[in-house]
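Enquirer: model the structure of this input:
(one chain, ligands or ions: 2)
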Amino acid sequence: MAVVDRWAGLGSALASFLFLWSMVQRHVPVTISHRVATWANKLVSYFNPYVEITISEYGAERFRRSDFFLAAEAYLSDACAPRARKLKAELGRDSSNLQVSVGDNDEVTDAFQGATVWWYVVKKVPRSNVISLYANQDDPRTYRVVFHRRHRDLVVGKYLPHVLKEGRAVTVRNRQRRLFTNNPSGGGRGRGDVWSHVPFEHPSTFDTLAMDPDDKEAVVDDLEAFREAKDYYTKVGKAWKRGYLLYGPPGTGKSTMIAAMANLLDYDVYDLELTAVNNNTDLRKLFIETTGKSIIVVEDIDCSVDLTGKRKDKKSEREADDKPKLPMEPEKDEGSKITLSGMLNFIDGLWSACGGERIIIFTTNHKDKLEPALIRRGRMDRHIEMSYCRFPAFKVLAKNYLDVEEHELFDQIGQLLEETDMSPADVAENLMSMSKKKKRDANACLESLAKALKQAKEEEAKAKVEAEAKKKVEAAAEAAKSKEEDEAKEGSG
Ligand SMILES: Nc1ncnc2c1ncn2[C@@H]1O[C@H](COP(=O)(O)OP(=O)(O)OP(=O)(O)O)[C@@H](O)[C@H]1O
Ligand SMILES: [Mg+2]
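Expert: Residues are numbered from 1 along each chain as shown. Ligands and ions are numbered 1, 2, ... in the order given. So this is what the prediction gives:
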């Protein structure tokens, strides 16, 4: 501790000064003691050639850790941790590598363009009767950066920006991507509690996603263009975000595609459960608490809440209120009160521009049930249809599941897939079926698929015949009824 040794003498002088100072404070009026304090500061800085900058863990936004503090922490762990004596070890990205950072109350030295900089990590211990407002349960920490005053311009103008840039780069490198889900509204203890998260570890990629190759390429191009388009969005005056509507029958790969998107872009995923959000204000809070480089997903948007924008019939509401309630039945007010306008605000209101680099995805099985305002272009910029498995998509699945690119059954299966609607999930299930020897065998799996397709085709044809027959019976009954009515009219006339 070179700095501290050199100024040890000054330390004891300061201790005597502080004693005298406490006496002065007790007996001298406030204005005079304030002046003495100012002179004392000037005196110390005259003799002390070292300058100190502090970086607090919680800045002006008391509930959120300061970006600069986090960058400094990452920078120190990467560049300076090897020289520190007290280290903290944590699991990093993918839980496979170890992250080492500088321990509390330790000191590390860094060199930058001929200047030496000392970093001190100081933990602030709160007074015992103070209730902490910080989101994190740990006591807040502060970095003290100490350097000679002749390096002031270098440190402020170049070194600290370098720390910020490098620290951010290290954070991105070590980032463990996360899958967030919202906690029920009102259940959290503070702002930091609105989302819970687990590591995001879905293996899906666009290579393993079965869909038409041209459509797939178009989606990948669109995502990559979005990622690079920060300047473009600024130029045209648009918030840097993009909306996707994924629609199609169950098991066609909508959720799988979201995971592939997150893996392609290296983004976090926020899975928003709308039924757990009480009202528009809570919805906005949730949005504010998301970070950039993320995908916000609302699955099955048509089933989540009533977003038709229509007011409910007053009479039916009153009737519902009059019905006797079970003891455990929640009060009506406890339900979700998210409105269409709240949802539209969520997608493209002023708040939605905060942070930038966000993708919002809605999924649905019934696109036609959605309020057109919710999914108009500009809100949901791209509508992607995920449909039943056809031959090109099947080839991807056969390659993934069986490692087979050509097979004598391919023609037959291709033909059947054009004539029958089977979801990729069902096709995949058949490709995973085991042969009698409990070993995955390509021939057996493809035969099982062909058999399932033939069966599905027969069932479809049977259902069609039955539906037509039912239609005919209904039409005949209708005709007989109207004939009877006509005869009755004639009789009475
Ligand atoms: N296009 C696809 N490519 C690869 N695998 C698929 C595809 N579609 C479905 N699967 C497989 O089927 C399973 C179910 O698919 P997924 O959950 O993505 O369907 P979904 O469209 O989201 O269905 P739902 O509408 O019921 O939510 C996945 O785990 C995946 O293994
Ligand atoms: Mg799904």
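Enquirer: any idea how far apart the tips of stretch 386-396 sit?
Expert: Stretch 386-396 has an end-to-end distance of 15 Å (Cα to Cα, to the nearest Å).
Enquirer: can it be said to contact ligand 2?
Expert: No: counting by Cβ under 5 Å from the ion, ligand 2 has no neighbours in stretch 386-396; the shortest distance is 9.4 Å. In this view, the C-beta of every residue, glycine as well, is placed from N, C-alpha and C.
Enquirer: list phi and psi for the closest residue to Leu154 other than its chain neighbours.
Expert: Once flanking residues are discounted, Leu154 sits nearest to Ala115: 5.5 Å by Cβ to Cβ, 6 or more residues apart in numbering. Phi and psi for Ala115, reported as degrees, to the nearest 10, are phi -100, psi 140.
Enquirer: tell me what Ala115 is bridged to.
Expert: Phe112 (DSSP bridges).
Enquirer: correct me if wrong: it contacts Val145.
Expert: No: here Ala115 does not reach Val145: they are 11.2 Å apart, not a contact under Cβ atoms under 8 Å.
Enquirer: among the two, which residue is more densely surrounded?
Expert: Val145 (20 against 16; other Cβ atoms under 10 Å).
Enquirer: per-residue confidence for Asn105?
Expert: In this model, Asn105 is scored at 66, pLDDT.
Enquirer: now this protein against ligand 2: closest residue?
Expert: In the chain, no residue comes nearer to ligand 2 than Ser255, which is 3.3 Å away by Cβ to the ion.
Enquirer: one step back: between Ala115 and Val145, which contacts overlap?
Expert: Val155 (Cβ atoms under 8 Å, 6 or more residues apart in numbering).
Enquirer: could you tell me the phi and psi values at Val122?
Expert: The phi/psi pair for Val122 (degrees, to the nearest 10) is phi -120, psi 130.
Enquirer: excluding its backbone neighbours, what's nearest it?
Expert: Thr142 (4.9 Å).
Enquirer: in which helix or strand would I find the one you found?
Expert: In this structure, Thr142 sits in strand 141-148 according to DSSP states H and E.
Enquirer: each with direction, which strands does that strand pair with?
Expert: Sheet partners assigned to strand 141-148 using DSSP bridges are listed as strand 50-56 (antiparallel), strand 115-123 (antiparallel).
Enquirer: walk me through the domains of this structure.
Expert: 17-48, 50-174, 178-310+334-385, 391-479 (automatic domain parsing).
Enquirer: spell out which parts of the protein neighbour ligand 2.
Expert: Lys254, Ser255.
Enquirer: so what does the helix or strand following the strand holding Thr142 touch, helix or strand wise?
Expert: Tracing the chain C-terminally past strand 141-148 and defining elements by DSSP H and E, one meets helix 152-154 next. Using 3 or more Cβ pairs under 8 Å, 6 or more residues apart in numbering; DSSP states H and E, no helix or strand is in contact with helix 152-154.
Enquirer: in helix 152-154, which residues are buried?
Expert: Leu154 (16 or more other Cβ atoms under 10 Å).
Enquirer: give me the spatial nearest neighbour of Trp240, chain neighbours excluded.
Expert: In this structure, Trp240 finds its nearest non-sequential neighbour in Gly356, 3.9 Å apart by Cβ to Cβ, 6+ apart.
Enquirer: looks to me like the one you found is in a strand.
Expert: No: with DSSP: H, G, I helix; E, B strand; the rest coil as the criterion, Gly356 is located in coil rather than a strand.
Enquirer: for it, what are its contacts?
Expert: Neighbouring residues of Gly356 by Cβ under 8 Å, 6+ apart: Lys230, Tyr233, Ala239, Trp240, Lys241, Gly292.
Enquirer: tell me which two in those residues are the farthest apart.
Expert: Spatial extent of those (Cβ to Cβ) is set by the pair Tyr233 and Gly292 at 12.5 Å.
Enquirer: what about those two, which has more around it?
Expert: Higher neighbour count among Tyr233 and Gly292: Tyr233, with 17 against 13, using other Cβ under 10 Å.
Enquirer: count of neighbours near the closest residue to the more buried one other than its chain neighbours?
Expert: When the adjacent residues along the chain are set aside, Tyr233 lies closest to Trp240, with 4.3 Å between them (Cβ to Cβ, 6+ apart). Residues within reach of Trp240, counting by other Cβ under 10 Å, total 18.
Enquirer: ok, back up a step: and the residue of the chain closest to ligand 2, what helix or strand is that in?
Expert: For Ser255, the enclosing helix or strand under DSSP H and E is helix 254-265.
Enquirer: what's that helix packed up against?
Expert: Judged by 3+ Cβ pairs under 8 Å, 6+ apart, helix 254-265 is in contact with helix 213-227, strand 241-247, strand 268-271, strand 294-298, strand 358-364.
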